[in-house]
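# Below: sequence and its predicted model.
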Amino acid sequence: MTLTMFTLNAFYGLALAMNMFIIASGLNLIFGVLRVINFAHGMFYMFGAYITFTVAKTWGAPFFVGVLAAAAALGLIAFVVERLLLRHLYDKEHLMQLLFTFALVLLMSDAAKMIWGTDQYSVGYPPGMGGAVNLGFVMLPQYQLFLCVVGPLIAVAMWFVVDRTRWGRVVRAATQDREMLAALGVNVPMVYAAVFTIGSALAGVGGALAAPRIALVPGMDATIINECFIIVIIGGLGNMWGSFLGALAFGFVVQFGTVLAPNWQDVLPYLLMLAVLIVRPWGLLGRPEAGH
Amino acid sequence: MKYSAMLVAAGVLSAGTAFAQQGPIKIGVLYPLTGGGAVYGVPAMAGHQLAIEELNAKGGILGRKIESIERDDKLNPAAASSTMKELITKDKVDIVLGGLASSVGLAMSEVSKQEKVVYISTIPKSIQITTDKLHKYVFRTSANTDQEGDTMAMLAGKNKLSKICHLELDYAYGNDLEVGILKALPKYAPDAKVVLTLKPKLGATDFNPFIPQVMAAGCDGVLSGLWGPHFVSWVKQAAPLGFFSKIKWISGGEIGSHEIAGELKAEYPDNVISNTYELWYHGNDPSHKEFQAKLAKKLNTQETPQWAVLGYIGVMYAAAAMEKAKSTDPDKVAEALEGLSIGTPVGKLTIDAKTHQANIGQFWGPMVKKPDRAYRMMEPAEYIQPK
Amino acid sequence: MPSYRQLIASAIVVLLLALLPLAGSRYAIDLTTEVLIYALFALSLNVLIGFTGNISFGHAAYFAIGGYACAILLTTYGWPLALALPAAVVLAGLVAAVVGYFCVRLTQIYFAMLTLAFAMLVWGVAFKWKEVTGGDDGFTGIKMPAMISHHIGYFYFTLITVAAGIAALWVICHSAFGLTLVAIRENSVRAGFIGVDTRHMRWAAFTVAGTFGGLAGALFGMYHRGMYIENAFWTESANVLIMVLLGGIYSFIGPIIGAAVLHLLQTFTNQYTPYWPTVLGLILLVIVMVLPDGLIGLARRVRGRGGRP
């Protein structure tokens, strides 16, 4: 591999990592606080992309209005789902939540078919981001440079909210002991609703930001959900910087792995997870769960 | 769909009466209607329904009405196998059509062999269906990978490619197409060399690991089997780097269809030569135009999808074979299909008696800008039919 | 030991099923065969979930190993069924033992994700080892012994095998071993205190689950005369997990009911509408919202007997 190719692949790996981090960060938040395995997260991602298509392409609004619309719409859907249905399941058999999110996947996949049909769609790059920056020895696509900026921005914003604000402390406490938190007078149900809403809105943003680079088709939700779980798990459950690190590991391993061993591309993410979990059973930055 | 559900209900209610014996002729059909395959399965089903409606308006087959029993194959071979058995044992269909994925086509062919019911594979391209796994009851009315590969090699020669990059998706269709191309390449382009072969995975959305490698390989042309969403994602990610200004893109996988040109519009790149089963703007013969008009009316759009014609041709073949056999008996229908010629919207087709493969052609040509249209069109579109 | 009532009830169910070919249509026989196979598959998974509290996201791996191994031994190597089937089941069990060795060191979601990772490797092997498995074209044209190549013969073969499998699982789950597993599920720390080697027990449960999953897979492959890489994919693991959860994890027969209900729902909804996911999704939603213990919880409530076994 020449230096040029190495640089380019390193950059692409980073761009992939940032794109994945944006989607996975929401899953991590929900997973960490609510302990809900949200199978529907990939569906939220797909809806984010489709909504951006409708707003930006069909209605002709600017691309970033589409991104905001995706975030708002997914947040709203998630809020309604949480308040009406999901909140009744926290106290019941833990695994029933999994069944619930599976039902959600079925319903949303059909809803998408009814709303958007089965054609494939594409969304144009936002103005000024459809080209490449020429650094002389290497060309970098503008839009992917943009993703490399947005990813860390979201990470820093989340870190600030979770680690530096009162609300963040409440959320962190909710991951530890929600009975205690309720006894202290915190409205725990609203904390849960807020976390589910924000996490899902992030999935919407992830889908919206991915939209200009890919074809939008039914079934685009299928693999993304596994890849997000892998990132969250290798980083360490509920740990935001862990997810960031997990996304970086994912991005570089998939990018360089695919170049060097294309025959293994399908299972590369799983090999990565296997390696991490065998060496560090609780993820890169995770801690063993209480009681074990 | 509701209509057929009602018919099924009616069939259940009337079972056991004399009506059952001279009841409708039942055609079972499976296409993917949910998930990733719905992009193609849903339009193919529309073409299927159009053919059934047309035949019924003319009095059906052998004077009997046709009942179409339509199911989702879920793009899953085992599910398709179960559903096809159900169509045969519960609904007592006389013939089964459809399939999209190669594995689903092979699974359906297996059921057809066991149950001795004729199966016409209308979309699956895997060469195995009509070679290693060929049996008495399976027929194919879509193109196969050897035909597609042969034409692509011919186009490589015609465009005087000397250094070729080969891009295929890493699954049955891609691997079979690669074999088809490599078989034919020495014949048409003896001096061409394949300098790089890459195989992204099926369903890939991120082509960043592959794009720089192709650009660095110094090839003057790409032979590609990246279809549908794969091609769109490739274009989105490669075009910003000026990829298509330097490299000719000769592609199978029907990316010359209007579905893709109409969606990408101005983003559709230069230098693409590809294929499509059907072109709504082509309409050079009356039956083609007529089909077009009916489909456009049914789907309520002028710009009809290409996949419908495959579903349509499958039904027309089933009907013609039953008429010729004067029976719905699978053995007689299978015999009737061997060597059978029918007229279709894309011209006269013949099923080879030995290989059970129809000589269906495809439109091939460069995708060019037109001043009066917002999207690219294939021009000149050449209909290439296997000998 | 099972009570007389349970024994008699089970015998009656098996007998009634055995009478099916006399009355039922070919379709009913085929559908019952499918349900029986899924019932065994779901039940095997519940050895792990219901009795240790660990969910696996990768149970399809052992199903696929059993299915592919049996298919390949019968067809490629021409082994007789009496050798091919046991060999396939043992192979599935062996792989489960190896994978389980690594997985049981983890718990909860980490355990689940590690099972997923291993299962996707199995899928990768089935996909890439084309010369042996047929790759993603699938392995079709399985050679069947004449005795069971007819659908009625195969139905009886499946009924006997599944009944024997379920009986074996019943004995295992109600032995001292099974009771110890329940103790681990309820409180693994305390189980550890009273001298139970929890990791070894969970490892054994993992192996048992994989073994019987392999048996179900072998039956499945022969029934379809083909195995496909989709059968090893994570969606298949999710499907069987849904069956178990739907039926209820705290009862022995829960997964059997869950398998029957989900498979029949999937089959029948597809018969009536291409929007079957909506119908299925709504039904699941109602079940989840109304029946927190799965379907078996409903049966218990109807009979006024709450609580867990």
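Nice, thanks for sending it over.

# can you map out the strands along the stretch 101-250 of chain B?
In the stretch 101-250 of chain B, the strands defined using DSSP state E, counting those that start in this stretch lie at B:119-121, B:138-140, B:163-167, B:193-198, B:221-224, B:248-251.

# So which of the ones you listed is nearest C:Asn231?
Closest approach to C:Asn231 among those is made by strand B:119-121 (21.4 Å; CB to CB). No exception for glycine: its C-beta is placed from N, CA and C like everyone else's.

# Pull the residues that contact the closest one.
Contacts to strand B:119-121, defined as CB atoms under 8 Å, 6 or more residues apart in numbering or on different chains, come from residues B:84, B:95-99, B:105, B:108-109, B:111-112, B:129, B:137-142, B:314, B:317-318, B:337.

# among the residues you listed, which ones are buried?
Those of these that meet the buried threshold are B:84, B:95-99, B:105, B:108-109, B:111-112, B:129, B:137-142, B:314, B:317-318, B:337, by 16 or more other CB atoms under 10 Å in any protein chain shown.

# Of the residues you listed, which are in range of chain C?
When CB under 8 Å from any CB of the partner chain is applied, the members of these adjacent to chain C are B:Ser109, B:Val111.

# Quick check: helices, which of the buried ones among the contacts of strand B:119-121 are part of them?
With helices taken from DSSP state H, the overlap with the buried ones among the contacts of strand B:119-121 comprises B:Met84, B:Gly105, B:Met108, B:Ser109, B:Val111, B:Ser112, B:Gly314, B:Tyr317, B:Ala318, B:Leu337.

# Among those, which pair sits farthest apart?
Between any two of those (CB to CB), the greatest distance is 19.0 Å, for B:Val111 and B:Tyr317.

# how about the residue of the stretch 51-200 of chain B found nearest chain A, what does it touch?
Distance from chain A to each residue of the stretch 51-200 of chain B (CB to the nearest CB) is smallest for B:Lys199, at 6.2 Å. Applying CB under 8 Å, 6+ apart to B:Lys199 gives the contacts A:Pro262, B:Leu167, B:Glu168, B:Leu169, B:Asp170, B:Gly174, B:Asn175.

# ok, now with 10 Å
The contact partners of B:Lys199, by CB atoms under 10 Å, 6 or more residues apart in numbering or on different chains, come to A:262-263, A:265, B:166-171, B:174-175, B:178, B:210, B:225.

# Buried only: go through these for me.
A:262, A:265, B:166-171, B:174-175, B:178, B:210, B:225.

# Now distance to chain C too, for those, in TSV please.
What follows is those, written out as TSV (distance: CB to the nearest CB, whole Å):
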residue	distance to chain C
A:Pro262	11
A:Gln265	10
B:His166	18
B:Leu167	18
B:Glu168	13
B:Leu169	11
B:Asp170	9
B:Tyr171	5
B:Gly174	10
B:Asn175	8
B:Glu178	13
B:Phe210	19
B:Gly225	14
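
# Looking at these, spot the one nearest B:Gly157.
B:His166 (14.9 Å).

# The closest one against B:Leu196, yeah?
Yes: counting by CB atoms under 10 Å, B:His166 touches B:Leu196, with 6.9 Å between them.

# Next, the contact list for the residue of the stretch 1-150 of chain A found nearest chain C, please.
Ranked by CB to the nearest CB, the top residue of the stretch 1-150 of chain A for proximity to chain C is A:Leu106, at 3.3 Å. The contact partners of A:Leu106, by CB under 10 Å, 6+ apart, come to A:40, A:43, B:34, C:269, C:276-285.

# Output the strands of the stretch 101-250 of chain B as JSON lines; include the columns distance to C:His263 and mean pLDDT.
Output for the strands of the stretch 101-250 of chain B, formatted as JSON lines (distance: least, CB to CB, whole Å; pLDDT from 0 to 100):
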{"stretch": "strand B:119-121", "distance to C:His263": "24", "mean pLDDT": "97"}
{"stretch": "strand B:138-140", "distance to C:His263": "28", "mean pLDDT": "97"}
{"stretch": "strand B:163-167", "distance to C:His263": "40", "mean pLDDT": "95"}
{"stretch": "strand B:193-198", "distance to C:His263": "40", "mean pLDDT": "94"}
{"stretch": "strand B:221-224", "distance to C:His263": "40", "mean pLDDT": "95"}
{"stretch": "strand B:248-251", "distance to C:His263": "41", "mean pLDDT": "95"}
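
# Deepest in the core, which of those is it.
With neighbours defined as mean count of other CB atoms under 10 Å in any protein chain shown, the strands of the stretch 101-250 of chain B peak in mean count at strand B:119-121, which reaches a mean of 31.

# Just checking: what are the partner strands of that one?
strand B:95-98 (parallel), strand B:138-140 (parallel) (DSSP bridges).

# so how far is the first one off the chain centroid?
Here strand B:95-98 is found 14 Å from its chain centre; the criterion is CA atoms, centre = their mean, to the nearest Å.

# State the mean pLDDT of it.
On average, the pLDDT along strand B:95-98 is 97.

# rewinding a little: show the model's pLDDT score for the residue nearest to the residue of the stretch 1-150 of chain A closest to chain C when sequence neighbours are not counted.
The spatially closest residue to A:Leu106, leaving aside those adjacent along the chain, is C:Gly281, at 3.3 Å (CB to CB, 6 or more residues apart in numbering or on different chains). Looking at C:Gly281, its pLDDT stands at 93.

# and stretch A:127-146, what's its mean pLDDT?
90.

# cool, stretch C:110-125 as well?
Per-residue scores along stretch C:110-125 average to 93.

# now that stretch, how far from the chain's geometric center?
With CA atoms, centre = their mean, you get 17 Å for stretch C:110-125.

# quick revisit: now flag whichever of the buried ones among the contacts of B:Lys199 is closest to C:Leu20.
B:Tyr171 (39.3 Å).

# does the closest one really touch B:Ala101, like I thought?
Yes: using CB under 10 Å, B:Tyr171 is in contact with B:Ala101, at 8.9 Å.

# Please enumerate the shared neighbours of those two.
Common neighbours of B:Tyr171 and B:Ala101 (CB under 10 Å, 6+ apart) are B:Ser126, B:Leu202, C:Asp136, C:Asp137.
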